[in-house]
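Peer 1: Sequence and predicted structure, then a few things I'm wondering about:
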Amino acid sequence: MTDMPRCLVLLLGCWLVLAGDALAKGVTSISTSPALTSRQTWRIHVRPSSPCQGNVVELEVTCPLGSSIEATFQGYPLEFFTWKQGGPWVALIGVDLQTPARVHRIRVVAKNGKGDVRTLNLGLPLRPGKFRVQKLKVAPRMVRPAQENKERIEKEAVLVKAILSGVSGRKFVGSFLRPVAGALTASFGGRRVFNGVERNPHAGVDLRGSVGTPVQVPAHGTVVLARELYFAGRCVIVDHGLGLFTQYGHLSRILVQEGQELRPGEVLGRIGKTGRVTGPHLHWGATLRQARVNPMDLMHLSAPPAPVSPSLPDGDKDEDEDEDDEL
């Protein structure tokens, strides 16, 4: 060791510091281009630090080559952006509520205009979600639809799937607002049992509210669906960009049109009890690259929410709705 050149000792020491810092953050391997120096380090932050099924995971990367960064998760590319100019790269990962609970690999590649490349292979441990069983009683036609409604249901499913598969430019600029102030009445991911028949898990949350309560859009976006669906009732879907969509179901009134651009705080509709419900509430759902995720996670992103636009006047409660449960 005493015969080793001093510069080589320093280089080895820097590499060990880099490797130790990376492994502490869940990095499984490091590879570098020979043209890069040991001073160029990665900084990786994952929020939440211990994600589970259904989470929106925020991956923050500071890399030695700042001009281009790429990564994939579950076979689809992650879209990197910065919350502010000069800030670190950020990507939102949608972990579907039925994604296997195990360690998932994410390969991050940084490049610059000179052709230098550097990669990191991350290990993202995923915990199982804690989902409740929800037993509900609804109108029989909402569990076993009549034959004449099945074609409508299938067409609506195809339409919604096509909408949620789109990827547009980023529109949201920070964390999301809460669409209504009401308390959580049904949590995300719960197994749904309607009239004794098990159906798909609850891919959203239910928020309390009386009929006519205004629903505000939580972030910048474009209305891509505003119509009545068999199960969701009067429904609005908003495209926030990068494959992120939010859905608002069981509305009594829709106050926006498809193609309309919305700013945070604008009212898109009013709480109701249309579709498959047991009473008035807002169903708030979210998908990110078609992964069903907990919309409440969008309220806890690292960037603050955008300024709120003036809301539309509240108006009067809808006269054609009441607050009795539909059984």
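Peer 2: Good, I have the coordinates. Residues are numbered from 1 along each chain as shown.

Peer 1: make it CA atoms for all contacts and neighbour counts henceforth
Peer 2: Fine.

Peer 1: What is the neighbour count of the residue nearest to residue 230 when sequence neighbours are not counted?
Peer 2: In space, and not counting its chain neighbours, residue 230 is closest to residue 275: 5.8 Å by CA to CA, 6 or more residues apart in numbering. Burial measure for residue 275: 22 neighbouring residues, criterion other CA atoms under 10 Å.

Peer 1: My guess is residue 275 contacts residue 235. True?
Peer 2: No: at 9.3 Å, residue 275 and residue 235 do not qualify as touching, with contact defined as CA atoms under 8 Å.

Peer 1: intersection of neighbour lists for those two?
Peer 2: 229, 250 (CA atoms under 8 Å, 6 or more residues apart in numbering).

Peer 1: in the stretch 201-327 of the chain, what spans have low per-residue confidence?
Peer 2: Residue ranges of the stretch 201-327 of the chain with pLDDT under 70: 310-327.

Peer 1: can you map out the helices along it?
Peer 2: With helices called from DSSP state H, counting those that start in this stretch, the stretch 201-327 of the chain shows none.

Peer 1: What strands line up against the helix or strand that contains residue 120, and which way round?
Peer 2: For residue 120, the host element (DSSP states H and E) is strand 117-125. Here strand 117-125 is paired, per DSSP bridges, with strand 27-32 (antiparallel), strand 103-111 (antiparallel).

Peer 1: in its sheet, what does the next helix or strand after the shortest one sit against?
Peer 2: Past strand 27-32, heading to the C-terminal end, the next element that is a helix or strand (DSSP H and E) is strand 43-47. Listed by DSSP bridges, the sheet partners of strand 43-47 and their directions read strand 56-62 (antiparallel).

Peer 1: which other residues reach the partner strand?
Peer 2: 42-48, 51, 88-95, 293-294, 297-298, 301.

Peer 1: re the thing from before, looking at the strand holding residue 120 now, give me its mean pLDDT.
Peer 2: Strand 117-125 carries an average pLDDT of 89.

Peer 1: which parts of that strand are buried?
Peer 2: Applying a neighbour-count criterion of 16 or more other CA atoms under 10 Å, one finds 117-124 buried in strand 117-125.

Peer 1: nearest to residue 239, of the residues you listed?
Peer 2: Nearest to residue 239 among those, counting by CA to CA, is residue 124 at 27.2 Å.

Peer 1: now that closest one: how far from residue 171?
Peer 2: Per CA to CA, to the nearest Å, residue 124 is found 27 Å from residue 171.

Peer 1: How about residue 272?
Peer 2: Distance, residue 272 to residue 171, by CA to CA: 28 Å.

Peer 1: Then residue 232?
Peer 2: For residue 232, the distance to residue 171 equals 25 Å [CA to CA].

Peer 1: Got the domain ranges for this structure?
Peer 2: 27-125, 133-300 (automatic domain parsing).

Peer 1: among those, which is the most enclosed?
Peer 2: Comparing the domains of the chain by mean neighbour count (mean count of other CA atoms under 10 Å), domain 133-300 ranks first with a mean of 20.
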